[in-house]
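>>> give me a 3D structure for the following:
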Amino acid sequence: MPLKEIAGTGDMLTMIFKVTSAENKQSPAFFSQKFTVPPIEEDSKGETYLEGTFDVGEGAYHVDWMMRDRMERVCSGDWDVTASLTAQDQNVKPEIGLSEIEAAERRFPSGRIRR
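Model prediction:
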């Protein structure tokens with residue numbers, strides 16, 4: 001995201017993810033995450049990366065994503081993803097079942113934006 005889009009004296013970005021398994025479209029999982037934006041000069045150049053994660057079992061999924069700021073500006077996107085084991089890992093028993101969606105154990109620090 002271009003820094004100029006979030007420049008100012010600080011803002012709060014709220015992101016919402018809807019993750020839907022192709023095998024169970026009736027029960028999507030929802031996740032949200034908030035980022036506090038540090039003060040950024042109006043003429044700042046460059047980009048920032050926002051990090052987050054969730055866990056899925058083997059299968060196909062559709063992800064809907066939306067982000068908004070305090071001024072109610074909205075950005076959204078969606079994509080498809082497939083999770084599968086490689087041929088050499090077929091003997092590994094995954095901790096999460098087929099087509100399951102869970103909150104990730106690994107947490108990214110809230111309130112951090114990496115430039």
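
>>> now do the buried residues in stretch 34-46.
Phe35, Val37, Ile40 (16 or more other CB atoms under 10 Å). Every residue, glycine included, has its C-beta placed from N, CA and C.

>>> what do you get for stretch 42-61?
In stretch 42-61, counting by 16+ other CB under 10 Å, buried: Thr48, Leu50, Asp55, Val56, Gly57, Gly59, Tyr61.

>>> for Ser44, see how far away the fifth one is.
If you measure Gly57 against Ser44 using CB to CB, to the nearest Å, the figure is 40 Å.

>>> for the fourth one, same thing?
When CB to CB is applied, the distance between Val56 and Ser44 equals 35 Å.

>>> again, but for the last one
When CB to CB is applied, the distance between Tyr61 and Ser44 equals 35 Å.

>>> tell me the bridge partners for the closest residue in space to Val81 that isn't next to it in sequence.
Distance criterion CB to CB, 6 or more residues apart in numbering; nearest residue to Val81, sequence neighbours excluded, is Tyr61 at 5.2 Å. Beta-bridge partners for Tyr61, by DSSP bridges, are Ser21, Val81.

>>> what ranges do the helices span in the protein?
For the chain, helices defined by DSSP state H do not occur.

>>> please report phi then psi for the residue lying farthest from the centre of it.
Relative to the centre of the chain, the most outlying C-alpha is that of Asn91, 29.3 Å out, by CA atoms, centre = their mean. Dihedral pair for Asn91: phi -90, psi 0, per degrees, to the nearest 10.

>>> with Ala22 instead?
The phi/psi pair for Ala22 (degrees, to the nearest 10) is phi -60, psi -20.

>>> contacting residues for the residue nearest to it when sequence neighbours are not counted?
Nearest residue to Ala22 in three dimensions, chain neighbours excluded: Ala60, at 4.0 Å (CB to CB, 6+ apart). Ala60 makes contact with Ser21, Ala22, Glu23, Asp80, Val81, Thr82 under the criterion CB atoms under 8 Å, 6 or more residues apart in numbering.
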